[in-house]
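Participant: one predicted model, sequence on top.
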Amino acid sequence: MELSKTILRIFEVRARPGQAGILKQKLSATSVAVVNGKPGNLGYLFGENLSANENDLVFISVWEDLASIQSLFGEQWQQSFLPEGYEELIDSCSIKHIEVDGKLVPTNP
């Protein structure tokens, strides 16, 4: 898959103790619904930290360009977008945008 100036929108979140499972379910439903099928969205993935803190989760959406992100999230595009029901589950969160160049190449062709 060719990637040319693709943008990764990375939402990193630390769930409150005992809330990681519920938050992960919300990421797989509500967060997916926010980006899935939107103009410029190329996909998404989410997961949890395997080594340090089991309460650390991430939701990454992949975008054609920055304009697509700005179109969806408006003037607040540089801030975490928290759908209803998230705030009580979250200890802390952040958002960052990473521009990537190159190709996504399978390591085992």
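Facilitator: Received it, and whenever you're ready, just let me know what you need.
Participant: which residues touch stretch 66-75?
Facilitator: For stretch 66-75, contacts defined as C-beta atoms under 8 Å, 6 or more residues apart in numbering pick out 7, 9, 34-35, 38-41, 63, 77, 81, 97, 99. Yep, even glycine has a C-beta here, placed from its N, CA and C like the rest.
Participant: list the buried residues for that stretch?
Facilitator: Ser68, Ile69, Leu72, Phe73 (16 or more other C-beta atoms under 10 Å).
Participant: try stretch 18-37
Facilitator: Quick answer for stretch 18-37 (16+ other C-beta under 10 Å): Gln19, Ala20, Leu23, Lys24, Lys26, Leu27, Ser31, Val32, Val35.
Participant: now those residues in TSV, with distance to Glu48 and pLDDT?
Facilitator: What follows is the buried residues of stretch 18-37, written out as TSV (distance: C-beta to C-beta, whole Å; pLDDT from 0 to 100):
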residue	distance to Glu48	pLDDT
Gln19	12	93
Ala20	7	90
Leu23	9	90
Lys24	6	88
Lys26	13	86
Leu27	9	84
Ser31	14	88
Val32	16	90
Val35	19	93
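Participant: got these as JSON lines, with secondary structure and distance to Ala52 columns?
Facilitator: Output for the buried residues of stretch 18-37, formatted as JSON lines (DSSP: H, G, I helix; E, B strand; the rest coil; distance: C-beta to C-beta, whole Å):
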{"residue": "Gln19", "secondary structure": "coil", "distance to Ala52": "17"}
{"residue": "Ala20", "secondary structure": "helix", "distance to Ala52": "13"}
{"residue": "Leu23", "secondary structure": "helix", "distance to Ala52": "17"}
{"residue": "Lys24", "secondary structure": "helix", "distance to Ala52": "16"}
{"residue": "Lys26", "secondary structure": "helix", "distance to Ala52": "22"}
{"residue": "Leu27", "secondary structure": "helix", "distance to Ala52": "18"}
{"residue": "Ser31", "secondary structure": "helix", "distance to Ala52": "22"}
{"residue": "Val32", "secondary structure": "helix", "distance to Ala52": "25"}
{"residue": "Val35", "secondary structure": "helix", "distance to Ala52": "26"}
